[in-house]
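Asker: predicted coordinates and the sequence they were generated for:
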Number of protein chains: 2
Amino acid sequence: MLTQTASRPESKTASLDALYALIWNDLKRVDALILSRVRNEIELIHDIAEHIIASGGKRIRPALTLISAQLCGYEGERHIQLAAAVEFIHTATLLHDDVVDESKLRRGLPTANELFGNKASILVGDFVLGQAFQLMVADGSLKVLKILCDAAAIISKGEVMQLITEGQPETTVENYLQVISAKTAILFASACELGAVVAGQEECEESLREFGIYTGLAFQLVDDALDYSADQAMLGKTVGDDFREGKITLPVILAYNAGTAEERTFWTRTMSALDQRPGDLQTAIKFMNSHQSLSQTVAMARRYCGKAAECLTGFAPSLHKTAMLDILDFCASRMY
Amino acid sequence: MLTQTASRPESKTASLDALYALIWNDLKRVDALILSRVRNEIELIHDIAEHIIASGGKRIRPALTLISAQLCGYEGERHIQLAAAVEFIHTATLLHDDVVDESKLRRGLPTANELFGNKASILVGDFVLGQAFQLMVADGSLKVLKILCDAAAIISKGEVMQLITEGQPETTVENYLQVISAKTAILFASACELGAVVAGQEECEESLREFGIYTGLAFQLVDDALDYSADQAMLGKTVGDDFREGKITLPVILAYNAGTAEERTFWTRTMSALDQRPGDLQTAIKFMNSHQSLSQTVAMARRYCGKAAECLTGFAPSLHKTAMLDILDFCASRMY
């Protein structure tokens, strides 16, 4: 099901075209709704929210809500504001994340905390989360509220779990998968599940939720690998962000596990003590390559893509189903 | 209605006894519920949440929900978890506030950010807010969800508004009242309104909400004045916290407005440029006293207490009504 696109890099960004063609009008309405909610009389809120939202990204989470709703044959309006709520929850997380991680760049642009300060990022993050909850309340479904409130609670727990693993390369793979399930995959899962909920297709909720979980895990793992890839400079991220922040991701855990005593000392110095010297990032990548940590990470991501694809077997062939499988292709082909 | 207690300081803390006697059992259940929600397998969440929640305070917001529910004759169970949700929203605000304000002490104890770091405080604040939303969803009333989600959104807006006034003693009184209405009074208002909502006493919602607004404004203004009062050392707050943080409160605005050119230069240096020297806090208090800024602030608080009391005129005399009026007495007598 997953085409191996490693040999045709020109398809890297092209593969989401069919998805975006299907949801384009909906997504424009989501964007308009988002901007209308942050077009605030308070300039600082407006500026920060617009900065982070307008700086774009793939809008993958709201896209999942929209395409899932279409897959389930939904023809109403509710998916627009729920997709916006999903993106607001994500945006709030980004704002707080960047403060916590002391990040300076996101998608090639200065982060909000870099531009506007930590204080403003924390408080506008809270504001944006408030917008998400207001949109959910306006939707008026307790089922939707439960899905997204649970997601928000689980995400924050995942963020704390991640903070605890900071500087600990001895974190287990299992523990790490728990962290990213909570901090990343749960919102992908909720985004997809909402499509079935608004369409009233109760029997599809579970499979779409699982599709989202696996897709989210795959996206996170590929992101982890990209952070140690020279290619990522193309994505506008600072090379080695995760490394510099001592953020423990799967490639580090795998390299540490497979490492010699000397290598482990290196990981402890650079990631735990954050004592980093010129050339350390290159050494880290060298160790990762010698233990296939990056390719193993990508392989695991591809396995999750395969599991995600299986979740859609119950759906009849359709343009929407193909577009959702394209998301997996896109993810699996972001790194070779 | 408001007894003038300035001449009997021994009644300062005694005046809430009747309130707590009425709600004691309920409040113990609220506390147990709160602690059960933060007794988390993640030690860091447990420690921080317990630190800030167990460090106590008056629990004034959940107390308002409980006593309002009793005032409306409510005999069910919903007020317990809604009071807990209110306290969680407040706790989340405190955690983020203390990071934003770089506060070191709260109620005489080190703040969570001081003990556990800013990162943990931000993320556990998000976690605690997530608990609030889950409790609200569990209650299952869209009306309740709307009240508290709106409150959370307004509070975050108020926090941003306050951040913008930072270092600006020329902020207008009107602007400042908008800030504290949003950041403080709205949660008092929601806490009270919920009592009428759970009791199904629709006709009481508006008056209890207004009671909460005025009570919240009064509490905030007295807090503002206490920050420049020698008495406050008794409350365990660092003397002059607001001053050191350049936080613009009503006493500063009034002193700046009434100040000479020389005094305004002082305020600009100390509050805007945050260029503070030994003796500056004493000078600030001297200027405030010479313009009656503190007594005017307290007088305004007392006027709000009076307005709050008026909101209860429609309620028949009862122990609960008396206890709510006691809250106003308590507030009005915290500073002379």
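Answerer: Cool, got the structure.
Asker: give me the number of residues near A:L274?
Answerer: Look at A:L274: counted by other Cβ atoms under 10 Å in any protein chain shown, it has 12 neighbours. C-beta here means a position set from N, CA and C on the backbone, and glycine is covered the same way.
Asker: which SSE is it in?
Answerer: For A:L274, there is no enclosing helix or strand under DSSP states H and E.
Asker: then the helix or strand where A:A120 lies to CSV, C-alphas only?
Answerer: For A:A120, the host element (DSSP H and E) is helix A:118-139. Extracted in CSV, the C-alpha atoms of helix A:118-139 (Å, rounded to 0.1, in the frame of the first residue of the first chain):
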residue,chain,number,x,y,z
ASN,A,118,8.3,34.1,27.0
LYS,A,119,5.7,35.8,29.1
ALA,A,120,3.6,36.7,26.1
SER,A,121,3.9,33.3,24.6
ILE,A,122,2.7,31.6,27.8
LEU,A,123,-0.3,33.8,28.1
VAL,A,124,-1.3,33.9,24.5
GLY,A,125,-0.9,30.1,24.5
ASP,A,126,-3.5,30.1,27.2
PHE,A,127,-5.7,32.5,25.2
VAL,A,128,-5.5,30.3,22.1
LEU,A,129,-6.5,27.2,24.2
GLY,A,130,-9.4,29.2,25.5
GLN,A,131,-10.5,29.8,21.9
ALA,A,132,-10.4,26.1,21.2
PHE,A,133,-12.7,25.4,24.2
GLN,A,134,-15.1,28.1,23.2
LEU,A,135,-15.4,26.6,19.7
MET,A,136,-16.0,23.2,21.2
VAL,A,137,-18.7,24.5,23.5
ALA,A,138,-20.3,26.3,20.5
ASP,A,139,-20.4,23.0,18.7
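Asker: tell me where the stretch 51-200 of chain A has helices.
Answerer: A:60-71, A:78-101, A:112-116, A:118-139, A:142-165, A:173-180, A:186-198 (DSSP state H, counting those that start in this stretch).
Asker: okay, those in CSV with mean pLDDT, distance to A:H291 and mean neighbour count next?
Answerer: Listed next are those as CSV, based on pLDDT from 0 to 100; distance: least, Cβ to Cβ, whole Å; neighbours: other Cβ atoms under 10 Å in any protein chain shown:
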stretch, mean pLDDT, distance to A:H291, mean neighbour count
helix A:60-71, 97, 30, 27
helix A:78-101, 91, 25, 25
helix A:112-116, 75, 34, 20
helix A:118-139, 91, 36, 25
helix A:142-165, 93, 20, 22
helix A:173-180, 96, 14, 17
helix A:186-198, 98, 29, 28
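Asker: redo those helices as JSON lines? Include distance to A:G246.
Answerer: Converted to JSON lines, the helices of the stretch 51-200 of chain A look like this (distance: least, Cβ to Cβ, whole Å):
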{"stretch": "helix A:60-71", "distance to A:G246": "27"}
{"stretch": "helix A:78-101", "distance to A:G246": "10"}
{"stretch": "helix A:112-116", "distance to A:G246": "18"}
{"stretch": "helix A:118-139", "distance to A:G246": "18"}
{"stretch": "helix A:142-165", "distance to A:G246": "10"}
{"stretch": "helix A:173-180", "distance to A:G246": "14"}
{"stretch": "helix A:186-198", "distance to A:G246": "24"}
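Asker: so which elements touch the helix holding A:A120?
Answerer: helix A:17-38, helix A:43-54, helix A:78-101, helix A:112-116, helix A:142-165, helix B:78-101, helix B:118-139, helix B:142-165 (3 or more Cβ pairs under 8 Å, 6 or more residues apart in numbering or on different chains; DSSP states H and E).
Asker: list the contacts of the second one.
Answerer: Right, the one you point to is helix A:43-54. A:34-35, A:38-40, A:87, A:91, A:94-95, A:106, A:109, A:112, A:115-116, A:120-121, A:124, A:127-128, B:157, B:160, B:163-164 (Cβ atoms under 8 Å, 6 or more residues apart in numbering or on different chains).
Asker: and if we set it to 6 Å?
Answerer: A:I34, A:V38, A:N40, A:T91, A:A112, A:F116, A:A120, A:V124, A:F127, A:V128, B:V160, B:I164 (Cβ atoms under 6 Å, 6 or more residues apart in numbering or on different chains).
Asker: kindly report the same for the shortest one.
Answerer: Outside helix A:112-116, the residues within contact range by Cβ under 6 Å, 6+ apart are A:I48, A:H51, A:I52, A:L95, A:D98, A:V99, A:K104, A:S121.
Asker: ok, A:D101 to chain B distance?
Answerer: Distance of A:D101 to chain B, computed by Cβ to the nearest Cβ, to the nearest Å: 8 Å.
Asker: surely that residue and A:G246 touch.
Answerer: No - with contacts counted by Cβ atoms under 6 Å, A:D101 stays clear of A:G246, the gap being 9.7 Å.
Asker: please enumerate the shared neighbours of those two.
Answerer: By Cβ under 6 Å, 6+ apart, no residue touches both A:D101 and A:G246.
Asker: thinking again about what came up before, could you dump the helices and strands packed on helix A:118-139 to CSV with distance to B:A69?
Answerer: Shown next, in CSV, are those (distance: least, Cβ to Cβ, whole Å):
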stretch, distance to B:A69
helix A:17-38, 33
helix A:43-54, 34
helix A:78-101, 30
helix A:112-116, 41
helix A:142-165, 22
helix B:78-101, 4
helix B:118-139, 13
helix B:142-165, 12
